[in-house]
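Peer 1: Fold the following for me, if possible:
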Amino acid sequence: MSALWIAHVNVTDEAAYGEYANRATGAIADHGGVFLARGGAYEQLEGPDRPRNVVARFPSLQAAHDCYYSDAYQEALSFAKGAAQRELSIVEEIG
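Peer 2: Numbering: from 1, shown residues only. All right, here's what the predicted structure looks like:
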């Protein structure tokens with residue numbers, strides 16, 4: 001079954017986070033990930049407001065997991081640390 005990365009982000013350093021996004025895009029694609037939503041319009045209904053919302057689909061839960069722990073993604077993630085407040089979950093899609 002496919003899986004989704006669901007991220008809610010409040011960017012505090014645009015330049016550093018932009019570098020993260022540029023580097024992460026390749027790492028995500030390398031693991032079969034495709035973006036379904038990436039920072040577009042949204043309506044916050046519950047919980048903390050994070051104005052950047054990202055959803056990426058991966059071919060499997062394992063692919064999503066492997067992407068997160070890959071060297072390329074971890075290197076990209078180093079640019080996001082201190083540049084944003086984030087929540088990221090991996091959710092398996094229903095078949």
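
Peer 1: Residue 34 and residue 59, how far apart?
Peer 2: 9 Å (C-beta to C-beta, to the nearest Å). In this view, the C-beta of every residue, glycine as well, is placed from N, C-alpha and C.

Peer 1: swap that for residue 18, sorry
Peer 2: Per C-beta to C-beta, residue 18 is found 27 Å from residue 59.

Peer 1: Please report phi then psi for residue 60.
Peer 2: phi -160, psi 160 (degrees, to the nearest 10).

Peer 1: Apart from its chain neighbours, what residue comes closest to it?
Peer 2: residue 3 (6.1 Å; C-beta to C-beta, 6 or more residues apart in numbering).

Peer 1: For burial, what's the neighbour tally of the one you found?
Peer 2: The local packing count at residue 3 equals 20, with neighbours defined by other C-beta atoms under 10 Å.

Peer 1: Give me every residue in contact with the strand or helix carrying residue 28, excluding its own residues.
Peer 2: Following DSSP states H and E, one finds residue 28 within helix 14-30. Taking C-beta atoms under 8 Å, 6 or more residues apart in numbering as the criterion, the residues outside helix 14-30 that touch it are 5, 9, 11, 35, 56, 67, 70, 72-73, 75-80, 82-84.
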